[in-house]
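Asks: sequence and predicted model, in that order:
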Amino acid sequence: MQAVILVGYAQYEVDQFRAFMIDMDADMVKLPLSTKRAVFLSGMSGAEVQEVISAYNDSALPPTVWAAAVPANYQRTISNLLEDIYGDHNLMEPQSSSGAPSETFGGFQRLDDETIKYFLEVKSHFDSLVDPEERALLVGNVLEELPGKEVKVCTDATCSRILEAMIPSIREEQMLPLLAAFAQGEEFCMLASRPFGSRVAEQLLVRLGELLDNAHGQESEDRLYEMLQNLTGVTVAHLWEFATDRNASHVARKMLCIIAGRDVTPAQSAPAHSVDGAAFIRAAKQGGGLAAKIGGEAGGERLRPPARHPELLSQIAGDLLSDKWSGGRLEELLFHAYACPWLQTLLSAAEGSEDLLEQLVPRLLGAKPAQSQNQNQNPEDGNFGGEEQSPLEGVAADHVQGLAQDPTSSHFLEVVMRVSPERLLADIYQRFLRGALARLAMHPSANFVVQAYLAALHGSQQVKAALRELRDAMPELLRGRRSGVVAALLAAAGRTGNAAVQADSGLAASLLTHDSPAIKLGDPAGRARLSTLGCAMLGTVLRLPKEASADFAEGVADLSPAQLLHVGGDGGGSRALEAFLDGDAGAKLKKRVIRKLAGSYGKLAGSPGGSHVVQTCFRVGGVKDKEAIAGELAAAEQHISSSKFGQILLRRCGVEDFKRSTDSWRTRAESAAVLRSKFAEMLGDGDTAANGTDRQGSEDEEPPEISNAPPTATKDGEDCSEAAPAKRKKGKKAKAGLQTEDAAGAALTDQPPDSPSGQSGRGESKKKKRKQLAEADQSAELTSPAVAAAAAGLGGEKKKKRKKEEDAVGAKQAQKHGVGSKLEGGLGRSAALEALLTGTEVQAQGKRHKKQKSASRL
């Protein structure tokens, strides 16, 4: 068991640890493995450990106070050692001459058995109650017994858990006296510094925030706010202790959440074993996850609401900014395991307050207080009115780059990149990151800082500068398991637009020179899961404009049917394939992919990701393709209908109506395709035209369907299939037919192109246009064959001509931006896509790196 904590160490180190365990005292053997490992790595012998314990017993001081007097390299080890030996409730308190315990930071006593028995009975009665009024009454009776021993009860291992469960039922008139008792003297510090008391303190702050949000009347709100202000004052008075203490740090973070009015705690502080997905959702919202960095949420949500109580936030930050700061060096907080997450929370709470951030960030990076308080006098320069007036003046680039490479402080810099105003972010790049992005991107910790910086960029010039630094390093980044940097760079280029072609060609060049992966797409022997990161990058590229994604779109179209089936059935690959079908690729390329998947739609529909691919193919395919897909789904209906997503797919593809009458189903599908094509041409939907969905030629070159809008819902709440006929209610056939003809006629006659209303219609938002297309689709399903025939005659030669022009433009762009001619010795386009989707060569590099690291570690 002891050897488990030394995984990755040499055998002789494991043997030394075992010998150390044998020499230890019997009491030491009961300690947690983490503490044993800490003692061993600190170099202390068994005899030295016994001397520490004896000296501690003679001093009769709490471990946090006693350990402060020992050498710095032993402080944390000894503090954890003593707490593990004496437990959470048997730590000795400083004794006065009379023998009575004195009130010090963190001291408390064990409750008597009678009080513990009383709380156990209360818990049993509380759990049996259901009515909130009865629960609140019981809580009030319990709180009446607490005066004079609030801290002792809240820090007891048994009673604290019971009280914590009752806090959500506390009313305002019951809460205020309890918090008033904690706001006096050192009680709140004592409560927050204990393992069990800190949890009670967090729950009390959460309940205080809820009562403050739902306060009835101004008088009630003033009382609650005054209490929050008092607790904030106590925290500011002991800010260093709250920030650096293992337990009090969590209380200080929760207080910042209440002050900000939202959850601003660092996403990485959540437990790794969380299975409810809350940590993942919170990380995505705060920009901590790769999905947020690729999608641009980390930099897109620049306008967050300010803190709910900005004056309290300024009070906390003002203590750090003041030259009278009584704590230790602020730079030490960045490397502290407990203080660094608190600083991240502070910056997240200040997000949206540019003035405060422009003072706080430089101060924490090492600037002097006077410099950090300078105001920008010339904002038009974009560099704080000149280099001399920059609040970052005096901060060394080596210092900031060192912070980025540290496993702890790098998390702080990630938050700095996310919350910094644009002009401060530009100054950070100019002073600290320019010329070093490629080197930092390869570092195990600093690469996350680079990702956060790229996710925060929205200016084209900044993205171009980053692209110039990282473009040549793309092959090394992909081989070195730093694909997250490449993905964030592609997303930033996609947001700005004008750098998209450069980013795409750089990625294509990197992939075409990439080593061949071990796992082949379409290999039935080993259907390994595709690279999540590679699929995300491919999807990002395929959503770029046509001139930027032409190479990769053609690469997808060149994949074999077996390879496409492999990609479509994978969770990440299906999203990339959907991005191809919904992107700006030409109609011929999309049709080629849809036809290659023929015969495999039944298999694809059996997986969640594959069902979305089938639905997208059905939506963008022509009438012949729709009919083929519906036929395959009908043949495999029994297998597909066994899952919820399969039932949705069958309904949206109109399989029941297809089985009932193929001819009528085909007629309605043709009418819908023609009418939707006319609507797209009249409304000038740029997205639709780019997708090639307005082309209507021969039956062999059937265009994709027009709208990307989701299925509309009927009055009964059922999804209306895009190809299936809309269900008519009994007794309303004539009315339904009249409404259909009116809708179709209005769509074809109202607002001609030359009319003023038609001109204003072209300027409508895409959302409104797509809504009209969806309505046209629904009405077209019931339209008469005469209307469909009249609309069908309007397509033809014009769209064929436009199609030839677009194909010619695409060929020129491919020659201009393509990289295949420059890299004749590299991989082909399909092999490059395999390298991107599988990522197996990169995984092999990582395994070799781990083996080398394990073999060379001392």
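Replies: Yep, it's here.
Asks: residues in contact with Asp167?
Replies: Heads up, residue 167 is Ile, not Asp. 200, 203-204, 206-207 (Cβ atoms under 8 Å, 6 or more residues apart in numbering). (Each C-beta comes from the backbone N, C-alpha and C, glycine too.)
Asks: cross these against helices and list the overlap.
Replies: 200, 203-204, 206-207 (DSSP state H).
Asks: let's see if you can find the most crowded of those residues.
Replies: For those, the largest neighbour count, defined by other Cβ atoms under 10 Å, is 26 neighbours, found at Val200.
Asks: ok, back up a step: dump the ones in helices among the contacts of Ile167 to a markdown table, plus pLDDT and distance to Trp325.
Replies: Listed next are those as a markdown table, based on pLDDT from 0 to 100; distance: Cβ to Cβ, whole Å:
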| residue | pLDDT | distance to Trp325 |
| --- | --- | --- |
| Val200 | 93 | 30 |
| Gln203 | 94 | 31 |
| Leu204 | 94 | 28 |
| Val206 | 94 | 29 |
| Arg207 | 94 | 32 |
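Asks: of the residues you listed, closest to Glu627?
Replies: Comparing the ones in helices among the contacts of Ile167 against Glu627 with Cβ to Cβ places Val206 closest, at 57.9 Å.
Asks: how near is the spatially closest residue to the closest one that is not a sequence neighbour to Leu212?
Replies: Among residues not flanking Val206 along the chain, Lys254 sits closest, at 6.9 Å (Cβ to Cβ, 6 or more residues apart in numbering). Distance from Lys254 to Leu212, counting by Cβ to Cβ, to the nearest Å: 14 Å.
Asks: same question, Ala536
Replies: Taken as Cβ to Cβ, the span from Ala536 to Leu212 is 41 Å.
Asks: so for the two, which sits in the more crowded spot?
Replies: Set Ala536 next to Leu212 and count neighbours by other Cβ under 10 Å: Ala536 wins out with 24 against 20.
Asks: can you pull the contacts of Leu111?
Replies: With Cβ under 8 Å, 6+ apart, Leu111 has these contacts: 149, 152-153, 156, 158-159.
Asks: let me fix that, I meant to ask about Thr244.
Replies: Thr244 neighbours (Cβ under 8 Å, 6+ apart): 333, 336, 338-339.
Asks: same question for Ala404.
Replies: Neighbours of Ala404 in contact, by Cβ under 8 Å, 6+ apart: 410, 413, 440, 443, 445-446, 449.
Asks: now with 6 Å, please.
Replies: Counting by Cβ atoms under 6 Å, 6 or more residues apart in numbering, Ala404 touches 410, 413, 440, 446, 449.
Asks: look up phi and psi at Ser643.
Replies: Main-chain torsions, Ser643, degrees, to the nearest 10: phi -120, psi 160.
Asks: could you count how many residues lie near it?
Replies: Ser643 has 15 nearby residues by other Cβ under 10 Å.
Asks: pull up the gap between it and Gly606, please.
Replies: On the measure of Cβ to Cβ, Ser643 and Gly606 end up 8 Å apart.
Asks: now do the one helix or strand Arg666 maps to, average pLDDT.
Replies: If you go by DSSP states H and E, Arg666 is part of helix 662-683. Mean pLDDT, computed over helix 662-683, is 83.
Asks: can you check stretch 537-549 too?
Replies: The average pLDDT for stretch 537-549 rounds to 79.
Asks: and it, end to end?
Replies: Across stretch 537-549, the terminal residues are separated by 12 Å (Cα to Cα, to the nearest Å).
Asks: can you tell me the distance between the two ends of stretch 634-653?
Replies: 10 Å.
Asks: may I see the buried residues of that stretch?
Replies: Residues 634, 636-637, 640-641, 645-646, 649-653 are the ones in stretch 634-653 that count as buried (16 or more other Cβ atoms under 10 Å).
Asks: any weak-confidence spans in the chain?
Replies: Filtered on pLDDT under 70, the chain yields the residue ranges 1-110, 185, 267-303, 323-324, 326-327, 369-389, 497-528, 684-858.
Asks: which parts of the stretch 151-300 of the chain are helices?
Replies: 159-166, 172-182, 187-192, 195-213, 218-237, 239-244, 248-260, 278-285, 290-295, 297-300 (DSSP state H, counting those that start in this stretch).
Asks: what lies in contact with the first one?
Replies: Yep, that's helix 159-166 we're talking about. So helix 159-166 is contacted by 119, 123, 139, 153-154, 196, 199-200, 203 (Cβ under 6 Å, 6+ apart).
Asks: farthest pair in these?
Replies: Taking Cβ to Cβ as the measure, the contacts of helix 159-166 have their most distant pair in Val139 and Phe196, spaced 18.5 Å apart.
Asks: quick one: the contacts of Leu111 as a markdown table, columns for distance to Phe679 and neighbour count too.
Replies: A markdown table is the format used below for those (distance: Cβ to Cβ, whole Å; neighbours: other Cβ atoms under 10 Å):
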| residue | distance to Phe679 | neighbour count |
| --- | --- | --- |
| Lys149 | 75 | 15 |
| Lys152 | 74 | 19 |
| Val153 | 70 | 23 |
| Asp156 | 71 | 26 |
| Thr158 | 70 | 18 |
| Cys159 | 69 | 25 |
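Asks: how about the helices in the stretch 501-650 of the chain?
Replies: 532-542, 546-557, 561-569, 571-582, 587-596, 601-604, 608-620, 623-635, 637-640, 644-652.
Asks: the fifth one to helix 561-569, inter-axis angle?
Replies: What that stands for is helix 587-596. Computed with axes from the mean of the first three to the mean of the last three Cα atoms, to 10 degrees, the direction of helix 587-596 lies at 90 degrees from that of helix 561-569.
Asks: what's helix 587-596 packed up against?
Replies: Helix 587-596 sits against helix 546-557, with contacts defined as 3 or more Cβ pairs under 6 Å, 6 or more residues apart in numbering; DSSP states H and E.
Asks: repeat that for 7 Å
Replies: With contacts taken as 3 or more Cβ pairs under 7 Å, 6 or more residues apart in numbering; DSSP states H and E, helix 587-596 sits against helix 546-557, helix 561-569.
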